[in-house]
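In: Kindly return the folded structure for what I paste below:
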Amino acid sequence: MSLGLAEAPVSEKAPNFIGAVKALRALTENDLAAVNEQILSRMDSPVSMIPDVAGHLINSGGKRIRPMMTLASARLFGYDGDNHVKLAAAVELIHGATLLHDDVVDQSALRRGAETANIIWGNKESVLVGDYIFSRAFELMVAAQNLRVLEVLSRTAGIIAEGEVLQLATQKNIETDFDLYLSVVEAKTAALFAAATRSGAIISGCSEKEENSMNSYGRNFGIAYQLIDDALDYAGFESDLGKTVGDDFREGKMTLPVVYAIARAKPDEKSFWRRVIADGVQNNGDFEQARYFMERDDAVVDTISCAKSYAERAISDVSAAPDNDYANAMIELVEQSVTRGF
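Out: Residues are numbered from 1 along each chain as shown. Have a look, this model is predicted:
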């Protein structure tokens, strides 16, 4: 099977965010083409199922935000080599491998509007191809010939795995509070964004202060991005999500809107949340009831406000970097990411 690299369809409901993604893509276009070539070459295998499963994931239309951030972070500080391309490809492969594993753990049927690999080929196949993709990512890290970057990305792979396990511990646990929820987000989502931007900065040879600012930028962007994803599951449009609205609810995930709603619930409403989340017993109309409670108690509104506060921190982080087109594009991406899909 040929491994094409399709771009995500543009949603008319979120033109500002899509515009910000397009602007960053335009700046990194040539580098991103080289990243795609690296990914294609690394997915080649005589075992036909590997390129088939990998190609299905790649062609499902991801926006390539993480590799673009890696490329932009390197160029932001004037890097003119080509090792940032290998790192960006490694970041995208790590992301792809975790998606394959996530869909198995979450028993997801849709990703970006298409059937997941585990539905088409099976759980065992998805896990094993995910492992293969991880191995290719590590080959690219080594090829970049920078031990510090290798340390950052390899540690991040471990952190992501820890986040997966921690999420299992919080799933259906109605005692989950903000701090525990944030620990999951930092590990599962923000860690890879932070590693992406930090790796680009490291390979450029920038100062320690600038490297730290890019690490902080990626972390804060990643948290803000995930918080909006959580809010969209209760207040977004399915065409923007690429999955069914309410999937998090049906899976009993303790996302921030749920954490807020349970904390603010009246005493006689606690049993509702215990039944639908902890016990997993859901009836017709329960999702609508959950959304009613969230609207009444500002659970989604406050989740969005929290996302905006992290976005503001990310914008502040970029102020430590040179003032150029890359910095402006990275700021715009953050600003528009917290308005998408509503």
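
In: Which strands and helices lie in contact with whichever helix or strand residue 37 is part of?
Out: Applying DSSP states H and E as the criterion places residue 37 in helix 29-42. Packing contacts for helix 29-42, counted by 3 or more C-beta pairs under 8 Å, 6 or more residues apart in numbering; DSSP states H and E, involve helix 65-76, helix 83-106, helix 123-143. In short, each C-beta sits where N, CA and C put it, glycine included.

In: in the shortest one, what's buried?
Out: Applying a neighbour-count criterion of 16 or more other C-beta atoms under 10 Å, one finds 65, 66, 67, 68, 69, 70, 71, 72, 73, 74, 75, 76 buried in helix 65-76.

In: ok, now stretch 176-191?
Out: Neighbour-count burial for stretch 176-191 [16+ other C-beta under 10 Å]: 176, 181, 182, 183, 184, 185, 186, 187, 188, 189, 190, 191.

In: Which one of the buried residues of helix 65-76 is nearest to residue 171?
Out: Here the nearest of the buried residues of helix 65-76 to residue 171, counting by C-beta to C-beta, is residue 66; it sits at 24.6 Å.

In: Output the below-cut-off pLDDT ranges for this protein.
Out: Within the chain, the stretches with pLDDT under 70 are 1-15, 61, 112-113, 236-244, 342.

In: those strands in it, which residues are they?
Out: Along the chain, the segments classed as strands by DSSP state E run 110-111, 114-115.

In: Please work out which of these is packed deepest.
Out: Each of the strands of the chain was scored by mean neighbour count; the highest is strand 110-111, a mean of 20, by mean count of other C-beta atoms under 10 Å.

In: Paired strands for that one, with orientation please.
Out: Strand 110-111 has its sheet partners listed here by DSSP bridges as strand 114-115 (antiparallel).

In: From residue 51, how far out is the residue most central in space within the chain?
Out: Computing the C-alpha centroid of the chain and ranking residues by C-alpha atoms, centre = their mean puts residue 189 first, at 5.0 Å. According to C-beta to C-beta, to the nearest Å, residue 189 and residue 51 sit 27 Å apart.

In: measure the closest residue to residue 42 other than its chain neighbours to residue 65 for me?
Out: Among residues not flanking residue 42 along the chain, residue 136 sits closest, at 4.1 Å (C-beta to C-beta, 6 or more residues apart in numbering). Between residue 136 and residue 65 the computed distance is 20 Å (C-beta to C-beta).

In: Equivalent analysis for residue 222, please.
Out: 10 Å.

In: now do residue 38
Out: From residue 38 to residue 65 the distance is 17 Å (C-beta to C-beta).

In: thinking again about what came up before, out of the strands of the chain, flag the one nearest residue 144.
Out: strand 110-111 (28.5 Å).

In: contacting residues around residue 145?
Out: residue 83 (C-beta atoms under 8 Å, 6 or more residues apart in numbering).

In: picking up where we left off before, surely the residue nearest to the centre of the chain meets residue 227?
Out: No - with contact defined as C-beta atoms under 8 Å, residue 189 does not reach residue 227; the gap is 9.5 Å.

In: what about the residue lying closest to the residue nearest to the centre of the chain once chain neighbours are set aside, how many residues close to it?
Out: Setting aside the residues directly before and after it, residue 189 is nearest to residue 226 in space (C-beta to C-beta, 6+ apart), at 4.3 Å. Per other C-beta atoms under 10 Å, the neighbour tally for residue 226 reads 22.

In: So what's the residue count around the residue nearest to residue 249 when sequence neighbours are not counted?
Out: For residue 249, ignoring the flanking residues on the chain, the nearest one in space by C-beta to C-beta, 6+ apart is residue 287 at 5.5 Å. Using other C-beta under 10 Å, residue 287 has 16 neighbouring residues.

In: which residues sit in contact with residue 287?
Out: Per C-beta under 8 Å, 6+ apart, neighbours of residue 287: 246, 249, 250.

In: tell me the residue furthest from the middle of the chain?
Out: Outermost in the chain, C-alpha atoms, centre = their mean: residue 268 at 36.0 Å.

In: Would you check that the residue nearest to residue 42 makes contact with residue 43?
Out: Yes - Residue 136 is within contact range of residue 43, at 7.1 Å (criterion: C-beta under 8 Å).

In: Would you confirm that residue 170 contacts residue 256?
Out: No - using C-beta under 8 Å, residue 170 is not in contact with residue 256; the gap is 11.5 Å.

In: Have a look at those two and say which one is more surrounded.
Out: residue 256 (23 against 20).

In: residue ranges of the helices in the stretch 201-342 of the chain, please?
Out: 208-235, 238-241, 247-250, 256-264, 270-273, 286-296, 299-318, 325-337 (DSSP state H, counting those that start in this stretch).

In: Brilliant, that's me finished.
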